[in-house]
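Asks: Can you look at this prediction? I've put the sequence above it.
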Number of protein chains: 2
Amino acid sequence: MYFFYSNLIVDNPNDLSKIIILDKFESNHCLNVLRYKEKDKIKVVDGYGNLYEGKIGEIKKNQCFINVYNIFENYMKRDYYVHIAIAPTKNHDRLEWFVEKAIELGIDEISFIKCSRSLRTKIRMNRIQKVAITAMKQTLKAYIPKINDIISFNDFLKLHQNNFGYICHLEEDNKKSLLDYRNRFNVESSYVLIGPEGDFSQEEIECAVDNNVSSISLGDNRLRTETAGVAVCHLINLINV
Amino acid sequence: MYFFYSNLIVDNPNDLSKIIILDKFESNHCLNVLRYKEKDKIKVVDGYGNLYEGKIGEIKKNQCFINVYNIFENYMKRDYYVHIAIAPTKNHDRLEWFVEKAIELGIDEISFIKCSRSLRTKIRMNRIQKVAITAMKQTLKAYIPKINDIISFNDFLKLHQNNFGYICHLEEDNKKSLLDYRNRFNVESSYVLIGPEGDFSQEEIECAVDNNVSSISLGDNRLRTETAGVAVCHLINLINV
């Protein structure tokens, strides 16, 4: 099974059906790499949760036009919401790896936060979006998570002050895990904060706790930022199944 | 903090202390990259759970000789045992990534298993050992997990018939998770089986169940082999904390 991606979906002027147009990149992959031909059946996702089944109708200027005969809305939609706010790693590859794995494990929203010990304060959003689309296709999902550009830790807290928040940190007195909150976790408005290399500062942890964010631990091992992100993502999915 | 690695540890002929010799690779890293000098303090791990503190005594033929003044045995040892048996991925990089992340999360033993749908039946054990040593140093651990070369799925089951086993698979009727077994899990002799791309075959699952291996699910998302391995590794560590 292979999913193509397109967000160019138009009405068929002849009837009530839809036509999907694959861009040059996807068309090239479809025609020249995977060697699809006219009238072949094909599956396309739009990144908004819809899966389309169709047949290749026309090939014009090396672009595929697909006649849709079936639409699955909210394909594989979860009934809970996973939102991770993460301090980006210095190494951009590790960040991209986190995004890829999070989509594989299931995620709805990714926020980037600037912390006092952050070593990176800019995100290549174009690159992250591309990674997200590829990961969605590879893992046969129909939905690209909402990905928010970087804002400061304090602004993030203010923006989400009405939501349930959790902060992962390494302070000694922090021994609760997400599992202890499993009964409370399946609300749409919750999020988990993951800190930078070197952890959140004491002030940040105190500020979060003052904002009713709950402290959680991911165990006794000191994890890299991106590993912590992946671990949390799996855990939320697991406790909500 | 930086850990060096050496398994060449000899008795000091002059007293009861130990001397550690760094090999050419580690010596080069120590002297030329990190620019340590004679009499500098240094930390070395041996891969068997011992952490040594010492001072650089001599530098002969570009090799460091370290006078040990402190030994921590069983450094950061866990009181439970994590053993994952995994069908290697076709792509060797993904396998190495699993080994790296598993050591970061905490693992004691890794076995490779050949399944009916396995796309890879040979492991570059030298390469895996190197990755393991690097990961141990990077994540400030003193212990290299036991890494077993590949054997068939059936041989593995026979070899471990007296141990508690768990098998992760995607069959519909499989809805228990490791969390449901958390009270039973902290025994030294348990292991978790992770299948190849395309999952375990029906026969393999039946054979495992006949051998008293318990079926577990990692949630509703179809995970890549190496992602499943990392998720399980984190979970076992978390439920044992």
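Replies: It's in.
Asks: Helices along chain A, start to end?
Replies: Listed in chain order, the helices of chain A (DSSP state H) span A:24-28, A:92-105, A:125-138, A:153-159, A:202-210, A:225-240.
Asks: Throw those into TSV and include mean pLDDT, thanks.
Replies: Converted to TSV, the helices of chain A look like this (pLDDT from 0 to 100):
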stretch	mean pLDDT
helix A:24-28	93
helix A:92-105	93
helix A:125-138	93
helix A:153-159	96
helix A:202-210	94
helix A:225-240	90
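Asks: Alongside chain B, which residues does chain A contribute?
Replies: Contact residues, chain A versus chain B (CB under 8 Å from any CB of the partner chain): A:78, A:101, A:104-106, A:139-140, A:175, A:177, A:179, A:217-224, A:227, A:230-231, A:234-235, A:237-239, A:241. From N, CA and C alone the C-beta is placed, and that goes for glycine too.
Asks: Filter the residues you listed down to just the buried residues.
Replies: Neighbour-count burial (16 or more other CB atoms under 10 Å in any protein chain shown) applied to the residues of chain A next to chain B gives A:78, A:101, A:104-106, A:139-140, A:177, A:179, A:217-219, A:221, A:223-224, A:227, A:230-231, A:234-235, A:237-239.
Asks: remind me which residues of chain A are low pLDDT?
Replies: Within chain A, the ranges that satisfy pLDDT under 70 run A:174, A:185-188, A:241.
Asks: Can you tell me the centre-most residue of chain A?
Replies: When CA atoms, centre = their mean is applied to chain A, the residue found nearest the centroid is A:Pro145 (3.7 Å).
Asks: gap between it and chain B?
Replies: In this structure, A:Pro145 and chain B are 13 Å apart, going by CB to the nearest CB, to the nearest Å.
Asks: For that residue, give me phi and psi.
Replies: For A:Pro145, the backbone dihedrals (degrees, to the nearest 10) come out as phi -60, psi 160.
Asks: Can you give me every residue that contacts the nearest residue to it once chain neighbours are set aside?
Replies: Here the nearest residue to A:Pro145 in space, its sequence neighbours aside, is A:Ile107; by CB to CB, 6 or more residues apart in numbering or on different chains that works out to 4.9 Å. Each residue near A:Ile107 by CB atoms under 8 Å, 6 or more residues apart in numbering or on different chains is listed here: A:82-84, A:145, A:233.
Asks: wait, which of these is closest to B:Ser190?
Replies: Distances from B:Ser190 to those, taken as CB to CB, are shortest for A:Cys233 (24.9 Å).
Asks: Determine the number of other residues adjacent to the closest one.
Replies: If you count neighbours by other CB atoms under 10 Å in any protein chain shown, A:Cys233 ends up with 26.
Asks: same question, A:Pro88
Replies: Neighbour count for A:Pro88, taken as other CB under 10 Å: 25.
Asks: wait, it sits on A:Ile123?
Replies: Yes: taking CB atoms under 8 Å as the definition, A:Pro88 is a contact partner of A:Ile123 at 5.9 Å.
Asks: With A:Asn211 as the reference, measure out to the residue lying closest to A:Leu193 once chain neighbours are set aside.
Replies: Of all residues not flanking A:Leu193 in the chain, A:Ile167 sits nearest, at 4.3 Å (CB to CB, 6+ apart). For A:Ile167, the distance to A:Asn211 equals 10 Å [CB to CB, to the nearest Å].
Asks: which of these two has more neighbours?
Replies: Neighbour count, other CB under 10 Å: between A:Ile167 and A:Asn211, A:Ile167 has more, with 25 against 14.
Asks: surely that one meets A:Ser215?
Replies: Yes: proximity of A:Ile167 to A:Ser215 meets the contact threshold set by CB under 8 Å, at 5.8 Å.
Asks: Overlap in contacts, these two.
Replies: Joint contacts of A:Ile167 and A:Ser215 (CB under 8 Å, 6+ apart) are A:205, A:208-209.
Asks: Any idea how far apart the tips of stretch A:4-13 sit?
Replies: Its start and end residues considered, stretch A:4-13 measures 23 Å (CA to CA, to the nearest Å).
Asks: ok, residues contacting it?
Replies: For stretch A:4-13, contacts defined as CB under 8 Å, 6+ apart pick out A:17-23, A:26, A:29-30, A:42-48, A:52, A:67-68, A:133, A:136-137.
Asks: out of those residues, which are buried?
Replies: Counted by 16+ other CB under 10 Å, the contacts of stretch A:4-13 give A:18-22, A:26, A:29-30, A:42-47, A:52, A:67-68, A:133, A:136-137 as buried.
Asks: Among those, which lie within strands?
Replies: Cross-referencing those against strands under DSSP state E gives A:18-21, A:42-45, A:52, A:67-68.
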